[in-house]
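Peer 1: the following comprises the amino acid sequence and a computationally predicted model.
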Amino acid sequence: MTKNRDSAFTLIELMMAIAILGVILTMIYGALTSIMRAKNVIEDQREVRQIANAVLTRLTREMQLAYPGIPRLPPPDKLEERFGSKDNLLGEKETVGSGRPADHIVFVALSAGQYVPDGLTHGGLVQISYSMQEDPEEKSADGKSVYVLVREEVPYLRPYEDAYKQRMVFPLTNRIRSFQLRYLDLENDEWVSTWGNEKGMGLPAMIEFSFELESEQGARTWYTSAVPLRRSFS
């Protein structure tokens with residue numbers, strides 16, 4: 001009888017041990033899952049921050065190099081059009097998708113040419129523009145259009161036809177979801193959403209830019225900065 005009771009007790013202990021082991025394994029699995037999820041989130045955020053830092057640095061540097069007193073180049077489809085010496089920057093409001101801001105800016109800058117290893121770097125004055133453009137080859141998971149923040153650079157040359165033949169187009173990121181600009185009108189002491197539609201406005205005192213990035217996992221984050229501009233060399 002004692003032997004049977006000992007055997008039964010051992011079986012109960014075994015079952016309890018298995019149950020405890022199952023609980024421990026479940027806890028370990030949950031902990032590992034949480035760690036992996038946190039790791040993925042951190043890596044996801046790190047990628048977006050790297051993109052944001054690159055965009056912030058580039059926009060800040062190039063806007064600081066905006067050059068007063070030099071007119072913008074005529075549009076490529078209106079090469080006969082001419083601007084005055086105070087028509088230095090054009091900022092237009094635009095939207096994409098369901099009304100997301102996708103503003104467009106064009107300005108002349110000094111020594112802001114993109115470095116190109118093969119020696120085609122544009123020195124001196126260049127005209128720079130930023131805009132959001134639809135990617136014709138990519139769609140989102142839900143079938144919606146994907147947009148890219150695009151930087152275009154044209155050397156400040158004449159004839160203008162030759163300048164546009166040397167235009168460089170740089171897609172910066174397809175993580176962009178919104179791009180918004182504001183301009184400080186110092187004369188009227190107010191921020192405005194467009195600039196340069198009226199000729200002779202010169203450069204704004206400051207440009208505020210905001211953009212929204214979406215990570216691979218779908219997290220969206222806004223980034224904002226403001227850049228003071230040199231309006232004259234006097």
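Peer 2: Done, it's in. Numbering: from 1, shown residues only.

Peer 1: what's the following helix or strand after the worst-scoring helix or strand of the chain on mean pLDDT?
Peer 2: Within the chain, no helix or strand scores below helix 2-64, which has a mean of 79 by mean pLDDT, DSSP states H and E. Stepping forward along the backbone from helix 2-64, the first helix or strand reached (DSSP states H and E) is strand 89-92.

Peer 1: which residues does whatever helix or strand comes next after that following strand contact?
Peer 2: Helices and strands here follow DSSP H and E; after strand 89-92, the next one along the chain is strand 95-96. Where contact means Cβ atoms under 8 Å, 6 or more residues apart in numbering, the residues beyond strand 95-96 that reach it are 101, 102, 132, 134, 145, 147. Placement of C-beta: from N, CA and C, glycine included.

Peer 1: returning to what we had before: tell me what the least confident helix or strand of the chain is packed against?
Peer 2: Using 3 or more Cβ pairs under 8 Å, 6 or more residues apart in numbering; DSSP states H and E as the contact criterion, the secondary-structure elements in contact with helix 2-64 are strand 104-110, strand 168-173, strand 206-214, strand 220-228.

Peer 1: hmm, residue 148 is touching residue 175, no?
Peer 2: No - at 9.1 Å, residue 148 and residue 175 do not qualify as touching, with contact defined as Cβ atoms under 8 Å.

Peer 1: tell me which of the two has more neighbours.
Peer 2: Under the criterion of other Cβ atoms under 10 Å, the comparison of residue 148 against residue 175 puts residue 175 first, with 22 against 17.

Peer 1: which ones are touching the residue nearest to that one when sequence neighbours are not counted?
Peer 2: Distance criterion Cβ to Cβ, 6 or more residues apart in numbering; nearest residue to residue 175, sequence neighbours excluded, is residue 213 at 4.6 Å. Applying Cβ under 8 Å, 6+ apart, we find residue 213 in contact with 48, 51, 52, 173, 175, 176, 177, 220, 221, 223.
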